[in-house]
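In: need coordinates for the following:
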Amino acid sequence: KGISAGKSENSYRGLVKVLPGAEGARNYSQCDSLLIGDKCGAHTFPYVDVRNRSAVVEHEATTSKISDDQLFYCNQRGIGTEEAVGLIVNGYAREVLNKLPMEFAIEAQRLLSISLEGSVG
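Out: Model (predicted):
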């Protein structure tokens, strides 16, 4: 998962290589990107090298943006825009943060909050 805000650009480059002896190999690669603002971007470059005809290789990429409707929904419930963005981003990143050891997850969440300060408006 990647998050871009401000003028940042996010790139994902992934290599899946299936060698001739890998009978029945399967791979599923997923790359999700979240954009915050109008001047940022996300780019996905999957590299697939399959040398066994029995292999099943799949790739999926999604790019989404925090919508005005999401912000409006939060604002109507008394949540400020900056806090709403923080909640949405933390929800988006939760799957990754939950896989980290607790001390790393806390630090990553803190750094994410600092990075988002002032990114709205």
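In: please count neighbours and contacts with C-alpha atoms only from this point.
Out: Will do.
In: show residues contacting stretch 89-97.
Out: For stretch 89-97, contacts defined as C-alpha atoms under 8 Å, 6 or more residues apart in numbering pick out 1, 105, 108, 109.
In: would a markdown table of those with neighbour count be doable?
Out: Below are the contacts of stretch 89-97 laid out as a markdown table (neighbours: other C-alpha atoms under 10 Å):
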| residue | neighbour count |
| --- | --- |
| 1 | 16 |
| 105 | 16 |
| 108 | 15 |
| 109 | 17 |
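In: which of those fall in helices?
Out: Of these, the ones assigned to helices by DSSP state H are 105, 108, 109.
In: surely the first one is in contact with residue 98?
Out: Yes: Residue 105 lies in contact with residue 98 (C-alpha atoms under 8 Å); the separation is 7.1 Å.
In: could you list the buried residues of the helix or strand bottoming out on mean pLDDT in the chain?
Out: Taking mean pLDDT, DSSP states H and E as the measure, the chain has helix 102-116 as its least confident helix or strand, at a mean of 86. Applying a neighbour-count criterion of 16 or more other C-alpha atoms under 10 Å, one finds 105, 109, 112, 113, 116 buried in helix 102-116.
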